[in-house]
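>>> Sequence first, then the predicted structure, then my questions.
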Amino acid sequence: MTGDAMNWIEITETEYMDALEVLPPALHLGHGFLFDEPTIQKEGRPCYSPYLRICGRYFAGSEPMTNTEFRALRIDELALPEINHREQITTSDGLLASRQSTDPGTNGFLREVA
């Protein structure tokens, strides 16, 4: 499964961190991790609960995944719940930037020079 039947449920940062700290992850990549004791297998491979962190948002997968499936995820192709809001922030260098969390290609930040 590489996302076709998977539903990604938005969770809080606290829920994400709690799952991360309960057991050592079976796999931990930059965009998330696999958690839990493997209770089922696919084609002889253990499956784990997937968690993602994308653009400051956190998600839990509805279906277990193997390490191979999690490594093969294409973050830019996932059907994640949309948020249609922009927030204005001032960056450390004093420039105004807008953040839109639905833009994974730029980590949600679009720089605007005022």
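Perfect, thanks for sending it. Numbering: from 1, shown residues only.

>>> per-domain residue ranges of the chain.
8-77, 82-114 (automatic domain parsing).

>>> and the ones you listed, which one is worst for confidence?
Least confident of the domains of the chain, judged by mean pLDDT, is domain 82-114 with a mean of 48.

>>> And the strands in the chain?
8-11, 27-29, 32-35, 41-42, 45-46, 49-54, 57-61, 87-90, 96-99, 109-111 (DSSP state E).

>>> quick one: buried residues of the first one?
Looking back up the chat, that one is strand 8-11. W8, I11 (16 or more other CB atoms under 10 Å). Placement of C-beta: from N, CA and C, glycine included.

>>> Name every strand pairing with that strand and say which way it goes.
Strand pairing for strand 8-11, determined by DSSP bridges: strand 57-61 (antiparallel).

>>> Pretty sure W8 sits against I75.
No: if you go by CB atoms under 8 Å, W8 and I75 don't touch, sitting 10.6 Å apart.

>>> what sits in contact with each of these two?
L52 (CB atoms under 8 Å, 6 or more residues apart in numbering).

>>> who's I54 bridged to?
R57.

>>> so who does it touch?
I54 sits next to H31, G32, I75, L80, P104 when contact means CB under 8 Å, 6+ apart.

>>> Show the contacting residues for the closest residue to Y58 other than its chain neighbours.
Closest residue to Y58 in three dimensions, ignoring its sequence neighbours and counting by CB to CB, 6 or more residues apart in numbering: Y16, at 4.0 Å. Shown in contact with Y16 (CB under 8 Å, 6+ apart): Y51, R53, Y58, A60.

>>> That's all I had, so thanks and see you.
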